[in-house]
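Visitor: coords please:
(one chain, ligands or ions: 1)
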Amino acid sequence: MTGEIAISPLRADEVAEAWRICNLAFGTFLNLPDPSKTFGDRDLMGPRFRSGCAEVIAARDAGRLVGSNVATRWGSFAFFGPLTVLPEYWDKGVAKRLLDGTMRVFDSWGVRHSGLFTFAASAKHVGLYQKFGYWPQYLTAILRKTPERGTEPTLLSDLDPRSHERALDQARELTRGISPGLDLTAEIRSAPDVVLVQDGFAICHTGPGSEGGSGVCYVKFAAARSAEAFERLLSACESFAASRGAAVEAGVNLAREDAYRRMRARGYLTITQGVAMQRPHGPGFNRSDCYVIDDWR
Ligand SMILES: CC(C)(COP(=O)(O)OP(=O)(O)OC[C@H]1O[C@@H](n2cnc3c(N)ncnc32)[C@H](O)[C@@H]1OP(=O)(O)O)[C@@H](O)C(=O)NCCC(=O)NCCS
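Guide: Here you go, the predicted model:
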C-alpha cells in the first residue's frame with residue numbers, strides 16, 4: 001500500500017476492472033482453480049452500475065482501483081454487495097474504508113434498514129460487518145430448479161404504457177404492504193424481464209452479461225401477496241426460465257418459512273447458503289408471513 005486509501009464513486013471507465021477484482025477476490029477466497037472466471041459470464045457489476053438504483057463505492061491506492069462495494073436501494077431498504085478487495089490488499093483495512101463510505105451512502109438515502117448476505121462460517125466476514133452494526137440472523141438459501149416448459153407467462157414488457165404504469169403501482173402497493181416504504185420501482189425499470197401474475201411479480205435476469213448469466217434465470221426479487229399467489233408466481237417464473245432454456249435460481253431467507261418449504265416441495269434444491277445480516281437487528285421482511293424471493297448478494 002503506497003498511502004492513504006481514497007474512497008469515492010466508481011467511474012464508468014473502471015467498471016470492467018471492478019468486476020475483474022470481484023472475480024479474483026471471490027475466486028481466491030473460495031480457492032477456485034481459476035479465480036479469474038469465478039462468475040463465468042454473469043455480471044453483477046455492469047448492470048448494477050447502470051441500474052439507477054445502485055451506487056458503486058470505489059477504493060483507490062494512489063489512483064489504482066483496489067476494491068469496490070455496490071450499494072443498492074429498494075426504497076426504505078438497502079443492501080450492499082458484492083464487496084471485494086484485491087487479494088494483495090486484504091487485512092489492511094480497505095473493506096472497512098469501503099464500508100464507511102457505504103454507510104454514508106445509506107445515511108444520505110435515509111433508509112430505515114439495510115442488510116447483506118455473507119459466508120456464515122467466516123468469522124472474519126461476520127466480525128467485519130458487526131463492526132458496522134449488522135447482526136447475523138437466519139440463513140438465506142440459494143435454490144435451483146431446472147423447470148419444464150409451461151404456459152407463456154405475462155411479462156411487463158408485453159403491456160401497453162398505461163397497463164405498464166398500473167403494474168408498477170400494483171407492485172409498489174404490494175411491497176409497501178410487506179414492509180413500509182419497500183419500493184422496487186427503480187429495480188423494475190432497469191430489469192431485463194419482469195414476470196407478472198395476479199398479486200405477484202418477479203424480476204428476472206438471464207443470459208450472458210446479465211446478473212444471471214448463461215443457462216440461469218436469476219430471480220433477483222419476487223413478491224407475492226399470498227401463498228396461492230406465490231405458487232402462481234413460481235409457476236410463471238419456471239415457464240419463463242424454461243422458455244429461455246435456463247434453470248431458475250432464487251434465494252429465500254429461511255425466516256420466510258412457508259415460502260422456503262413450498263419451494264422445496266416444488267423440487268428446488270439448495271446450491272449454496274449464507275447468512276443474512278441486518279441493521280438494525282430486526283426481522284424486516286424476513287418474516288414467516290412474507291412470500292418474497294431475494295438474496296442480497
Ligand atoms: C471480505 C473482504 C472484503 C475483507 O476485506 P479486507 O480489506 O481484508 O478487510 P479489512 O482489513 O478492512 O477488515 C477486516 C476486519 O475483520 C476483522 N476480522 C478478521 N478476522 C476476524 C475474526 N476471526 N473474528 C472477528 N473479526 C475478524 C479484522 O479484525 C478486521 O477488523 P479490524 O481491522 O478492526 O481488526 C476481502 O477479504 C475479500 O475481498 N474477500 C473475498 C470476497 C468476499 O468474501 N467478499 C465479501 C462477501 S460478503
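
Visitor: need the residues of the stretch 101-250 of the chain near the ligand, please.
Guide: Residues of the stretch 101-250 of the chain that fall close to the ligand, judged by CB under 6 Å from any ligand atom: 118, 123-125, 127-128. Bear in mind the C-beta positions are built from the backbone N, C-alpha and C, glycine included.

Visitor: Which members of these occur in strands, if any?
Guide: residue 118 (DSSP state E).

Visitor: Show me which of the residues of the stretch 101-250 of the chain next to the ligand are buried.
Guide: 118, 125, 128 (16 or more other CB atoms under 10 Å).

Visitor: who touches the last one in this structure?
Guide: This points to residue 128. Shown in contact with residue 128 (CB atoms under 8 Å, 6 or more residues apart in numbering): 95-96, 99.

Visitor: Can you spell out which helices and strands pack onto the helix or strand residue 194 falls within?
Guide: Applying DSSP states H and E as the criterion places residue 194 in strand 193-197. Applying 3 or more CB pairs under 8 Å, 6 or more residues apart in numbering; DSSP states H and E, one finds that strand 193-197 contacts strand 154-155, strand 200-207, helix 227-243.

Visitor: Repeat the analysis, applying 6 Å as the threshold.
Guide: Counting by 3 or more CB pairs under 6 Å, 6 or more residues apart in numbering; DSSP states H and E, the packing neighbours recorded for strand 193-197 are strand 200-207, helix 227-243.

Visitor: Show me what residue of the stretch 1-150 of the chain gets nearest to the ligand.
Guide: residue 127 (2.3 Å; CB to the nearest ligand atom).

Visitor: Please tell me how far that residue sits from residue 95.
Guide: 11 Å (CB to CB, to the nearest Å).

Visitor: re the thing from before, so what strands line up beside the strand holding residue 194?
Guide: Counting by DSSP bridges, the strands paired with strand 193-197 are strand 154-155 (antiparallel), strand 200-207 (antiparallel).

Visitor: and the shortest one, how far from the chain's centre?
Guide: Read it as strand 154-155. 22 Å (CA atoms, centre = their mean, to the nearest Å).

Visitor: outside of it, which residues touch it?
Guide: Residues outside strand 154-155 that contact it (CB atoms under 6 Å, 6 or more residues apart in numbering): 193, 196.

Visitor: average model confidence for that strand?
Guide: Per-region confidence: strand 154-155 scores 98 on mean pLDDT.

Visitor: Give me the next element, helix or strand, following it.
Guide: That would be, after strand 154-155 and using DSSP H and E, helix 161-178.

Visitor: Could you tell me the average pLDDT over whichever helix or strand comes after that following helix, please?
Guide: Sequence-wise, the next helix or strand downstream of helix 161-178 (DSSP H and E) is helix 185-190. Mean per-residue pLDDT for helix 185-190: 97.

Visitor: got the buried residues for helix 185-190?
Guide: For helix 185-190, using 16+ other CB under 10 Å, the buried residues are 186-188.

Visitor: what's the closest non-adjacent residue to residue 47?
Guide: residue 211 (5.4 Å; CB to CB, 6 or more residues apart in numbering).

Visitor: what's near enough to touch residue 199?
Guide: 225, 229.

Visitor: er, residue 194 I mean
Guide: So residue 194 contacts 156, 188, 201, 203 (CB under 6 Å, 6+ apart).
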